[in-house]
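Next comes the sequence, and after it the predicted model I'd like to discuss.
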Amino acid sequence: MAKKRKGASSEKLSNVIVKGMQEKKAADIVVMDLRKIKNAVADFFVICSGNSDKQLDAISDSIDAEVFKVLNENPWHTEGKSNKEWMLLDYIDVVAHVFRKDRREFYALERLWGDADITEIENAKN
């Protein structure tokens, strides 16, 4: 089992992840605060959508680079890089989910964790 975060707060990490998503024009960014939910798997889920395989890769790489640049951390675990439908970057206390637009509705994480405090981030302006 992975250990809880000692350095930067999970809230700060979630903000850095949002910035990484915004750098590559991710759409529909949502931050879900799971800290008040019993047995939650993380403190935060940060979710976004992309339109193409190329954009999903770019968003994922941007999150990875931004978190390393600001907090000197790498994800504990990643998934989905090969299938390009749903990429996951797990930083233990914060999990970043990068969905292809059409798959996001199918998985419906926002509904699954409906008790979470949800903050919608405005889409970046062109």
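Thanks, I have the structure now.

From here on, just use CA atoms for contacts and neighbour counts.
Noted.

List the contacts of the lowest-mean-pLDDT helix or strand in the chain.
Sorting the helices and strands of the chain by mean pLDDT, DSSP states H and E puts helix 109-112 at the bottom, at a mean of 81. With Cα atoms under 8 Å, 6 or more residues apart in numbering as the test, helix 109-112 has contacts from M32.

So for the following helix or strand past that helix, what gets flagged as buried?
Where DSSP states H and E defines the elements, the next helix or strand beyond helix 109-112 is strand 117-120. For strand 117-120, the neighbour count (16 or more other Cα atoms under 10 Å) marks I118 as buried.

try stretch 32-47
M32, D33, L34, R35, A42, D43, F44, F45, V46, I47.

how far does it stretch from start to finish?
This stretch, stretch 32-47, spans 8 Å end to end (Cα to Cα, to the nearest Å).

where does the protein have low pLDDT?
Within the chain, the segments meeting pLDDT under 70 span 1-8, 124-126.

Find the residue at the geometric middle of it.
Central residue of the chain (Cα atoms, centre = their mean): A96, 1.9 Å from the mean position.

And the helices in the protein, which stretches?
For the chain, the helices defined by DSSP state H occupy 10-23, 53-71, 101-107, 109-112.

winner for burial among those helices?
Highest mean neighbour count among the helices of the chain (mean count of other Cα atoms under 10 Å): helix 10-23, with a mean of 20.
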